[in-house]
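Predicted structure and sequence below. I'll ask about it afterward.
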Amino acid sequence: MMDYDTIDDIYLAGKNPEYDAAAKKLLSSKKILAWILKYCVEEFKDSSIADIRDRYIIGIPETASVPVLPDETNAAAMMGTDRISGERTEDTTITEGKVTFDVRFRAITPRNELVQLIINIEAQRSRRTSYPLLKRAMYYVSRLISSQYGVDFDKAQYGKIKKVYSIWLCMDAPDEKGGITRYRMQEEPEYGNVRTDKEDYDLQQVVMVYVAHARADMENRLLNLLGELFISEDNAKMKKEALNDHYDIDLNDDEEGLVRTM
């Protein structure tokens, strides 16, 4: 029997697991990730796409098989692979019911290259799930924090906790209008004016990205890019030309093949 997690996990693919795998593989490309980070991660808002792509993303982001659930995340991440984690195969999800990160990787911040961020990208066919999708996103971002224990810090070394982002790409924008909404922890003194450093509490953010089905001339270039990539009915050749002309994204043969699969 499938649980609700499993049912909702296959929404992106519908009945086409090849689309699902191709979409997640394409999202792991630094060429695409750089645009997502530019518009969704505040540390990169003033950085160029080229710098984010070539300097700040650590390693080679790929989809792998890092579980979200406790006691499984670090075990999978520490099996001697240099992948950056997150791939979810359709067979594993359906037969084992595992909940895994789609894409999970690290990046250094432009202002202080010693500071790392841990970032998770999730692709969702529909925001309409059997539960509030935002609550699932909150769980994921919490797991990105707690799974650092034993990897980035140990015992009482909580000062080593790294800031995390969970970014959700929903392919059914409300009322066909795209948008980006951020959720974060805020400091609100209620009595007196006792404050602490922002870096000590601003440790997790959820960003919900709603991609419109209808092609629209929105000012937000990320939404236009994602719409062209995932929503547009153009063929692979036309999409490749549009990405090159408008976003300076030159897809290689493998990436063009992924677009063709979708």
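Received, thanks. Residues are numbered from 1 along each chain as shown.

can you map out the strands along the stretch 101-250 of the chain?
103-108, 116-124, 163-170, 179-184, 204-210 (DSSP state E, counting those that start in this stretch).

Please name the strands paired to the fourth one in the sheet, noting orientation.
Which is strand 179-184. strand 204-210 (antiparallel) (DSSP bridges).

what is the mean pLDDT for the partner strand?
For strand 204-210, the mean pLDDT works out to 96.

List the neighbours of it that are in contact with it.
By CB atoms under 8 Å, 6 or more residues apart in numbering, the residues outside strand 204-210 that reach it are 36, 40-42, 127, 133-134, 137-138, 140-142, 144-145, 163-170, 172-174, 177-185, 222-223, 226. Every C-beta, even on glycine, is put in place using the N, C-alpha and C of the backbone.

and the residues you listed, which are buried?
Among the contacts of strand 204-210, those scoring as buried are 36, 40-41, 127, 133, 137, 140-141, 144-145, 163-170, 172-173, 178-179, 222-223, 226 (criterion: 16 or more other CB atoms under 10 Å).

residue farthest from the centroid of this protein?
residue 192 (38.3 Å; CA atoms, centre = their mean).

beta partners of residue 168?
Here residue 168, judged by DSSP bridges, has bridge partners residue 122, residue 208.

Could I get the pLDDT score of the closest residue to residue 47 other than its chain neighbours?
Of all residues not flanking residue 47 in the chain, residue 110 sits nearest, at 5.2 Å (CB to CB, 6 or more residues apart in numbering). The model reports residue 110 with a pLDDT of 94.

do the same with residue 63
Reading off the model, residue 63 has pLDDT 73.

can you check the one 10 residues further on too?
Model confidence at residue 73, expressed as pLDDT, equals 61.

ditto for the one 5 residues further on
Looking at residue 78, its pLDDT reads 51.

and what of the one 4 residues further on?
Residue-level confidence at residue 82 comes out at 37, pLDDT.

got any ranges where the protein has weak pLDDT?
Across the chain, the ranges flagged by pLDDT under 70 are 1-16, 62, 64-67, 69-99, 214-218.

list the contacts for residue 163?
Going by CB under 8 Å, 6+ apart, the list of residues near residue 163 reads 115, 117, 118, 199, 202, 203, 204, 205.

Quick check: it vs residue 186, distance?
15 Å (CB to CB, to the nearest Å).

can you pull out the helices in this protein?
4-9, 17-27, 30-40, 49-51, 73-77, 90-96, 133-146, 221-226, 236-247, 253-261 (DSSP state H).

I'd like these as JSON lines, with distance to residue 57 appended.
What follows is the helices of the chain, written out as JSON lines (distance: least, CB to CB, whole Å):
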{"stretch": "helix 4-9", "distance to residue 57": "25"}
{"stretch": "helix 17-27", "distance to residue 57": "13"}
{"stretch": "helix 30-40", "distance to residue 57": "5"}
{"stretch": "helix 49-51", "distance to residue 57": "10"}
{"stretch": "helix 73-77", "distance to residue 57": "17"}
{"stretch": "helix 90-96", "distance to residue 57": "26"}
{"stretch": "helix 133-146", "distance to residue 57": "16"}
{"stretch": "helix 221-226", "distance to residue 57": "16"}
{"stretch": "helix 236-247", "distance to residue 57": "17"}
{"stretch": "helix 253-261", "distance to residue 57": "16"}
